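Asks: Compute the structure for the input listed below.
(chains A and B)
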2 protein chains.
Amino acid sequence: MSPRASPLLLRVLAGETTERPPVWFMRQAGRYLAEYRALRAKAPDFIAFCLNPEMAAEATLQPMRRFAFDASIVFADILLIPRALGQQVWFEAGEGPRLGELPSLGAMALAAPKAGEALAAVGETLGRVRAALEPERALIGFAGAPWTVATYMLDGQAREDRAAARRHAYEEPALVEGLLEVLVAATVDYLAMQARAGAQALQLFESWSEGLPEDLFGRLVVEPHRAIVEGLRERGVMLPVIGFPRGSSQYAERYADEVPVQGVGLDTAAPALVGERIQQAGKAIQGALDPLVLRAGGPALDDRIDELVAAWESGPWIFNLGHGILPDTPIEHVEQALRRIGAA
Amino acid sequence: MSPRASPLLLRVLAGETTERPPVWFMRQAGRYLAEYRALRAKAPDFIAFCLNPEMAAEATLQPMRRFAFDASIVFADILLIPRALGQQVWFEAGEGPRLGELPSLGAMALAAPKAGEALAAVGETLGRVRAALEPERALIGFAGAPWTVATYMLDGQAREDRAAARRHAYEEPALVEGLLEVLVAATVDYLAMQARAGAQALQLFESWSEGLPEDLFGRLVVEPHRAIVEGLRERGVMLPVIGFPRGSSQYAERYADEVPVQGVGLDTAAPALVGERIQQAGKAIQGALDPLVLRAGGPALDDRIDELVAAWESGPWIFNLGHGILPDTPIEHVEQALRRIGAA
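Replies: Numbers count the residues shown, from 1 in each chain, chains lettered A, B, ... in the order given. Sure, this is the predicted structure:
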């Protein structure tokens, strides 16, 4: 394969500024697609759906058939890791995830090094998708980052401000530290398995890093992310990693400096200048179109894309949303965005 | 009154670095106080409670009797302005605010210049508090900032991500622009009334500025805040103003540059360096202790306060929380914080 034929996404993660940014959208496999809703209806249990390689591969590939995305991300859920560690996970209709009692740290520590094996179904999904995907389109594996996963594990459910989990960080620091260590180990094993199974890049989703004081951002986000990337490298996994500390662009430059990732995900509220500085420091950025402007469409969508292009096209940049695509987003607006960025 | 006897808070807002930072806590009058809960139980309707000068003054003064706070903030609610503009506001127990149908822009535009008159009860509260408060303790008036108030007015209730309101900003920009103009006019009149009634400083609470893309932060936050401060100055109201764009510390330096406030409120997740830069640019900062560490108490609380002192004591700084005090905060921890900062 000539360097020219290497997927755009991987060229950008190698530090290259490409003729146009590669594009993928968070939650590009999801409810805004009629074919996804039809597929999902066949599997009442969401976790079972994620762990069914045939169905998960189909969900992953659906947006790739319809749109000119440059990358595909394996269909899975960030709460598969707690399940692999022995904590019950289920979804209440219209309410989001619920988690059972937190297993003991000892029990989870024993399960952590086998997380990849426990979630081998995700590897099978990756293999199926890689076999079906054109070579110029990259395949991304992912995991929820430790703090985000911990907020669910500690709180039992998703709450607006993650306060229950953050309270633990102050009031039971040993528990939180131990849990993060277990999650780092499990995440390394899970991502290493995804690399073996065919992933070409890896993303860490830190969905709940917003609202963290500076010291906690270091302890709960920066340190575990660094430990994961270093753990992967020690295991010989050299794939590029994208870290996405959502809701904390005030710390994004620090994150880029201190975590040895190849790409930094920026959210909807990241100032353009923050992205430019990370590019100038030699890393790729990813983001950051507001999902609401994608939903709105029209001239506002074109204008906002043009602003992002003007700010970031002169450095390594993966065009993406700043948050997941909304279920009521019209298909035509995704097509409009892909045209505007020059991908379709 | 010699400059030395001027309330610490006002000295800091005049740009002075004081021997210790003045202290007050957002929601210092509230449910963590047994005497507040007893008072509140006498008035089942929350809006009626806010508009009863005797009760609101008592709520305002309760924490001043118990603690060595340097400033008092009038007990009121940010949703009094929609009420003054003719929109119904009520509180569902345990659910937060609900708002009725949005009145027409025309009707609200007629009501806006009389917002102060409509909310004269808040002025009466201020007068009662000022009469009871020692001269070295400052009295702060406040209003919800236009975008935050608009999110409630447009959405009818509080939701996690304010998405409904932000959608309007993209899909019905003329409505949002018109609403913000009305809110600016109403807020100027309301705050000017508070100034006449005895307030010595004014705070704008932008509670829901998090998650805004850069262009929207300019249109929805920076511009209305600037218009309010300029409107107050045109009316001859020269009191210092503190602007608090919560959840958007990535834009705090821009905010400090572009809005002619005297103080900038920083939230829990603001990097220390952002505060230092605003101080160096000549403005006071206010913040930013995590309410969860106040709740936790112990050595973690002392350590965190010491970190804030080390970062910010060499410039104009008002010590405060980064968000409102939590209802389950022990009284002893408030006392501990006041001792640690040197106020008690």
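
Asks: low-confidence ranges in the stretch 51-200 of chain A?
Replies: Along the stretch 51-200 of chain A, segments meeting pLDDT under 70 span A:158-161.

Asks: Over to the residue in the stretch 51-200 of chain A that chain B sits nearest to. Which of the three states is it?
Replies: The stretch 51-200 of chain A approaches chain B most closely through residue A:170 (3.9 Å), counting by CB to the nearest CB. All C-beta spots, glycine's among them, are computed from the backbone N, C-alpha and C. Residue A:170 carries the three-state label helix when classified by DSSP: H, G, I helix; E, B strand; the rest coil.

Asks: neighbours of it, just the number please.
Replies: 21 (other CB atoms under 10 Å in any protein chain shown).

Asks: Assess the claim that it and residue B:294 are in contact.
Replies: No. Judged on CB atoms under 8 Å, residue A:170 makes no contact with residue B:294 at a distance of 9.7 Å.

Asks: Let me know whether residue A:82 touches residue A:148 as I believe.
Replies: No. Taking CB under 8 Å as the definition, residue A:82 is not a contact partner of residue A:148, at 11.1 Å.

Asks: Please enumerate the strands of the stretch 1-150 of chain A.
Replies: A:71-73, A:89-92, A:96-99, A:138-144 (DSSP state E, counting those that start in this stretch).

Asks: Do me a favour and average the pLDDT over stretch A:207-218.
Replies: Averaging pLDDT along stretch A:207-218 yields 94.

Asks: can you check stretch A:242-254 too?
Replies: Here stretch A:242-254 scores 98 as its mean pLDDT.

Asks: Just the terminal-to-terminal distance for it.
Replies: With CA to CA, to the nearest Å as the measure, stretch A:242-254 spans 15 Å from end to end.

Asks: can you tell if it touches chain B?
Replies: Yes. For stretch A:242-254, a contact with chain B is found by CB under 8 Å from any CB of the partner chain, at A:247, A:248, A:249, A:250, A:251, A:252, A:254.

Asks: Now intersect those residues with the strands, please.
Replies: The members of those all map outside strands under DSSP state E.

Asks: Identify the farthest-apart pair in those residues.
Replies: Maximum pairwise distance among these (CB to CB): 14.6 Å, between A:247 and A:254.

Asks: Compare neighbour counts for those two and give me the winner.
Replies: Between residue A:247 and residue A:254, counted using other CB under 10 Å, residue A:247 has the larger neighbour count: 25 against 18.

Asks: Identify the residue spatially nearest to the more buried one, adjacent ones excluded.
Replies: Residue nearest to residue A:247 in three dimensions, not counting chain neighbours: residue A:210, with 2.6 Å by CB to CB, 6 or more residues apart in numbering or on different chains.

Asks: repeat for residue A:323
Replies: residue A:291 (5.3 Å).

Asks: Quick check: that neighbour touching residue A:320?
Replies: No. Applying CB under 8 Å as the test, residue A:291 and residue A:320 come out as separate, 10.4 Å apart.

Asks: higher neighbour count, the two?
Replies: residue A:320 (25 against 20).

Asks: so what's that one up against?
Replies: Taking CB atoms under 8 Å, 6 or more residues apart in numbering or on different chains as the contact definition, residue A:320 lies against A:23, A:24, A:25, A:26, A:265, A:286, A:287, A:288, A:289.

Asks: Pull up the residues of the stretch 201-344 of chain A that are close to chain B.
Replies: Within the stretch 201-344 of chain A, the residues that sit near chain B (CB under 8 Å from any CB) are A:210-217, A:247-252, A:254, A:267-272, A:274, A:288, A:290, A:292-293, A:295-296, A:300, A:304, A:307, A:322, A:326.

Asks: Sitting in helices, which of the residues you listed do you find?
Replies: Here DSSP state H is the test, and those give A:214-216, A:252, A:254, A:272, A:274, A:292-293, A:295-296, A:300, A:304, A:307 as lying in helices.

Asks: Let me know the closest of the residues you listed to chain B.
Replies: The closest of those, once distances to chain B are taken by CB to the nearest CB, is residue A:296, at 3.9 Å.

Asks: Poorly predicted segments of the stretch 201-344 of chain A, please.
Replies: Ranges of the stretch 201-344 of chain A meeting pLDDT under 70: none found.

Asks: quick one: the strands in it?
Replies: So, for the stretch 201-344 of chain A - with DSSP E, counting those that start in this stretch - the strands run A:201-206, A:241-245, A:263-265, A:284-289, A:317-321.
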